[in-house]
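**Q** quick one, what's the 3D model for this:
(chains A, B, C and D)
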There are 2 protein chains.
Amino acid sequence: MNTFKPQDYIPQLSIDSVIFGYQEKELKVLVSQLNLQNQAIYTLSGGFIKQIESIDEAAGRILKDRTGLENIYLEQFKTFGLINRTNKAVSELLEKEDHQQSGGNQLKTSDIQWISNRFISIGYYALVDINKVALTKDNPQESAAWISVDNLPEMIMDHNEIVSEALNALRNNLDEKLIGFNLLPETFTMRELKELYEAVYDRPFARNNFQKKMLSLNVLERLEKQFTGAANKAPYLYKFGKT
Amino acid sequence: MNTFKPQDYIPQLSIDSVIFGYQEKELKVLVSQLNLQNQAIYTLSGGFIKQIESIDEAAGRILKDRTGLENIYLEQFKTFGLINRTNKAVSELLEKEDHQQSGGNQLKTSDIQWISNRFISIGYYALVDINKVALTKDNPQESAAWISVDNLPEMIMDHNEIVSEALNALRNNLDEKLIGFNLLPETFTMRELKELYEAVYDRPFARNNFQKKMLSLNVLERLEKQFTGAANKAPYLYKFGKT
DNA sequence: ACAAAAGTGTTATCTCTACACCCATGT
DNA sequence: ACATGGGTGTAGAGATAACACTTTTGT
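**A** Numbering: from 1, shown residues only, chains lettered A, B, ... in the order given. Next comes the predicted model:
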């Protein structure tokens, strides 16, 4: 039996999610690497929509598949539908690869055909705490890695453009809705929050004014101080969600 | 031959456009009315996506079909994909109607089936100069009318929600991008522009401050005065696009 | 002369930015 | 004592909002 058929999945429609994480003062994206015919193919986290789920549910399911996480901040930002949006290049490599392999690892011809269709793709972006993601590697040909948003490899189709549109949407939403905290651990210092903003907007913020602005939002709860052992005043820890 | 088949159109995917116009100090939406079995069915302007066109092209084509206009401001704002997004209620009425009719007017069974599927719909909104639209009525069962955005009838499926999301998107874009002028004739007075903004945001604007803000944008060309014959100072006419 | 609506100016308020200063901490 | 980074205060610039006044037009 083939995996993808119109009874189960909506044809020609996919979801591509830009999964953002924050680490070492850099905004990162979860990028999948597929090794086919000695070529490295880079893609975003994508999937298809089941007939018995909404598109938001599909995006959540795909996110859980890749990261193990549930109840994550996820937002639809744009749908991509250029006329020549096909995976032909990849599906041809898959086909070659299949011929060389044997046994249960083979993909079904119908699945390869499914993939080679023109696809319209709904773009979502997710904000995750990078420390909570355990990257699993259940397929030797496939792996995933966190890559800095300004150092991304060339990805398939329009995936690079999808990232840049996602980043646009993120920048527009970060200060309106209060979503930046999804990229940080439970507790964080004001400096960490500021550095996150600097990574997202790719520009510096004044230390004191940033603090004033954030505190004026009335959504941060100030906790105890964090003694790091460094030779300076200990910063307060903060937590999202004022009591 | 049936009209809609997967070779020609992408299945289970549609476009619904909220066509905005401005008239008599009110923001209006073009609503189609379909009379079936003595019931009035209200819908937005929708259609399907051909295999050989992009989604933006499809939205433009649908808009031209309904209004006769080309090169119109059109923006994708959200994709709607709830699990139970079907037209079953309408397709059943269509079926009944079909049985009673005869001759070339009949719809094909396969087309009715096509419509009764679950659909995911890409939402666009368009801004048009209402005076340039000539509403054609080529089908006696179908007509279209401009209806005030806060007086809309109950429409099929989630079309009312689509309008409210479109209005949200419009409000977010009106002052950032300079798109309000698409709703007005070539030339207009400052008062008319202000009343347009008041209709969109549903709140009053201070006359003098509004004028200052608009002029500071440096996108309005001031033309000759407009003598209306009224017993007051004649207002300047303006035109979008500073020389 | 008057009413109605247009055009413009002035001041107060709020917000954002830059500069400055002091404080806690470990060496 | 000192360097380092954290917390906060204040003054200036710029944007926004509120109030006020003058001008044009037809009756």
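
**Q** helices of chain A, start to end?
**A** Ranges of helices in chain A, per DSSP state H, are A:55-67, A:88-100, A:109-116, A:159-174, A:190-201, A:207-216.

**Q** what angle do the longest strand along chain A and helix A:159-174 make?
**A** Counting by DSSP state E, the longest strand found in chain A is strand A:9-23. Angle, strand A:9-23 to helix A:159-174, by axes from the mean of the first three to the mean of the last three C-alpha atoms, to 10 degrees: 60 degrees.

**Q** who does strand A:9-23 pair up with?
**A** The pairing partners recorded for strand A:9-23 under DSSP bridges are strand A:26-36 (antiparallel), strand A:45-50 (antiparallel), strand A:120-127 (parallel).

**Q** return the most buried member of these.
**A** strand A:120-127 (a mean of 25; mean count of other C-beta atoms under 10 Å in any protein chain shown). Any C-beta I mention is one placed from the backbone N, CA and C, and that applies to glycine too.

**Q** how far does it sit from its chain's centre?
**A** For strand A:120-127, the separation from the chain centroid amounts to 8 Å (computed by C-alpha atoms, centre = their mean, to the nearest Å).

**Q** then stretch A:121-136?
**A** Taking C-alpha atoms, centre = their mean, one finds stretch A:121-136 lying 4 Å from the centre of the chain it belongs to.

**Q** show the end-to-end separation of that stretch, please.
**A** Length of stretch A:121-136, first residue to last, C-alpha to C-alpha, to the nearest Å: 25 Å.

**Q** next: stretch A:169-185.
**A** Stretch A:169-185: ends 22 Å apart by C-alpha to C-alpha.

**Q** about what we covered before: can you give me how far the longest strand of chain A is from the chain middle?
**A** Mean C-alpha position of strand A:9-23 versus that of the full chain (C-alpha atoms, centre = their mean) differs by 7 Å.

**Q** before we move on, what about stretch A:217-226?
**A** With C-alpha atoms, centre = their mean, you get 28 Å for stretch A:217-226.

**Q** again, but for stretch A:116-130
**A** 8 Å.

**Q** what about it, average pLDDT?
**A** Stretch A:116-130 comes out with an average pLDDT of 97.

**Q** in stretch A:226-243, what's buried?
**A** Neighbour counts using 16 or more other C-beta atoms under 10 Å in any protein chain shown place A:Pro235, A:Leu237, A:Tyr238, A:Lys239, A:Phe240 of stretch A:226-243 among the buried residues.

**Q** Throw these into JSON lines and include distance to B:Asn117 and pLDDT, thanks.
**A** Formatted as JSON lines, those follow (distance: C-beta to C-beta, whole Å; pLDDT from 0 to 100):
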{"residue": "A:Pro235", "distance to B:Asn117": "57", "pLDDT": "95"}
{"residue": "A:Leu237", "distance to B:Asn117": "52", "pLDDT": "95"}
{"residue": "A:Tyr238", "distance to B:Asn117": "49", "pLDDT": "95"}
{"residue": "A:Lys239", "distance to B:Asn117": "47", "pLDDT": "94"}
{"residue": "A:Phe240", "distance to B:Asn117": "42", "pLDDT": "92"}
